[in-house]
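**Q** here is a sequence together with a model predicted from it:
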Amino acid sequence: MKITKRYLAVVVAAIFGVVALVCTRQRPQRWLDNSGVVWTTDYHISYLSSVDLRDSIQAVLQAVDRSASVYNRSSLVSRFNAGQSVGADAILDTLYRASVGVHGQSEGAFDPTVMPLVNAWGFGYKSGAMPTEAQIDSILAFVGLDKVGLVGGHLVKRDPRVQLDFSSIAKGLACDEVGRMLRRNGVQCFMIEIGGEIACAGRNRQDLPWHVSVDLPSDQPDSVSHEPALVLAVDNGGVATSGNYRKYRESGGQRISHIVDPKTGRSQASVLLSVTVVAPNCMLADAWATACMVLGTERVVQLMEGRDDLGVMTITAGPEGQLVVWSNARFARLVAQ
């Protein structure tokens, strides 16, 4: 038999293929933990994998930052806010379309064009003071998601003063994007937490559903202690909590919440202390938690009592200072026993 160079090359390639396959099969899966800081908040990620994917995690977070961070002056959303023509990448397209959906379902309570108002109240990337009624009214003239469109793959604004801020949905999307990357790499079990927003799938280290603790509201905004109200058992989806008890300012003895109603332009003075939402993905949980804080307890109960796609719990300050807890049936089914 005459052995040619081509024959030898095929044999060598086959041998390497078998060796690679055997090595891959023999590489054991183990629980890995990656953590760090992104957008001035901590993140913690646990996943079951044969490969450490920290570099890929960083790449996903950087991609979200380049697209949606208002703190990154070269990001797509920052360029849009500055008046440049911006082609929407997959991340920005997803954020915009999801925002339109939640905006419509929440009666306009969720609105990423509220950023100029948030800045005016001193909670955005620009430091503001207590705005006057005239200033609020002037800003309201260019707040509204109907003033933004997606045309031919480009975000367009119908008023040059319109600005977008996806901060109340982007961390949730980042959790989902990391989860999608993990799944592409064969990871079936993971929990991703970025600044309190959580996406999880599969089972935890004890081969049980993931346990997610929901904190009681605290009147100590700088406190690092957390007193759990309850624990959720979640095996797939996203969890997000929004509240007005940690992020606020005080002016003239009055507590000013960072939650700004896009319809009135006013900071929310509400007895609703926190909302926790469980949704099919973390992006929706994040957006709806913010929307519910704007809507207030009574409207949340009316909108969410019969919904089975979203689990919702509210914690409200009662008339005598007690905490009043309400949840819909979907949420109640997820409480760990």
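**A** Cool, the structure landed.

**Q** which regions of the stretch 51-200 of the chain sit below the pLDDT cut-off?
**A** 124-129 (pLDDT under 70).

**Q** excluding covalently adjacent residues, which one is nearest to the most centrally placed residue in the chain?
**A** Nearest to the mean C-alpha position of the chain, counting by Cα atoms, centre = their mean, stands Gly172 at 1.8 Å. Leaving aside its chain neighbours, Gly172 sits nearest to Asp286 (2.9 Å; criterion: Cβ to Cβ, 6 or more residues apart in numbering). Backbone N, C-alpha and C define where each C-beta goes, glycine included.

**Q** how about the contacts made by that neighbour?
**A** Applying Cβ atoms under 8 Å, 6 or more residues apart in numbering, we find Asp286 in contact with Ser168, Ile169, Ala170, Lys171, Gly172, Leu173, Glu197, Gly238, Ala240.

**Q** go on, Pro116?
**A** Ile139, Phe142, Val143, Arg161, Gln163 are the contacts of Pro116 under Cβ under 8 Å, 6+ apart.

**Q** can you do 10 Å?
**A** 81, 124, 126, 128, 138-140, 142-143, 161-163, 165, 260, 265 (Cβ atoms under 10 Å, 6 or more residues apart in numbering).

**Q** can you flag the buried ones in those?
**A** For the contacts of Pro116, a burial check counting by 16 or more other Cβ atoms under 10 Å picks out Asn81, Gly124, Gly128, Ile139, Leu140, Phe142, Val143, Val162, Gln163, Asp165, Val260, Gly265.

**Q** nearest to Tyr47 among those?
**A** Checking the buried ones among the contacts of Pro116 against Tyr47 with Cβ to Cβ, the nearest one is Asp165 at 30.0 Å.

**Q** how about the closest one: what's its closest non-neighbour residue?
**A** Closest to Asp165 by Cβ to Cβ, 6+ apart is Met115, at 3.5 Å.

**Q** distance from the host helix or strand of that neighbour to the middle of the chain?
**A** Using DSSP states H and E, Met115 sits within helix 115-120. Here helix 115-120 is found 20 Å from its chain centre; the criterion is Cα atoms, centre = their mean, to the nearest Å.

**Q** and the helix or strand that that helix is followed by, what does it pack onto?
**A** Later in the chain than helix 115-120, the nearest helix or strand by DSSP H and E is helix 133-140. Counting contacts by 3 or more Cβ pairs under 10 Å, 6 or more residues apart in numbering; DSSP states H and E, helix 133-140 is packed against helix 115-120.

**Q** His154 bridge partners, please.
**A** Gly87, Val151 (DSSP bridges).
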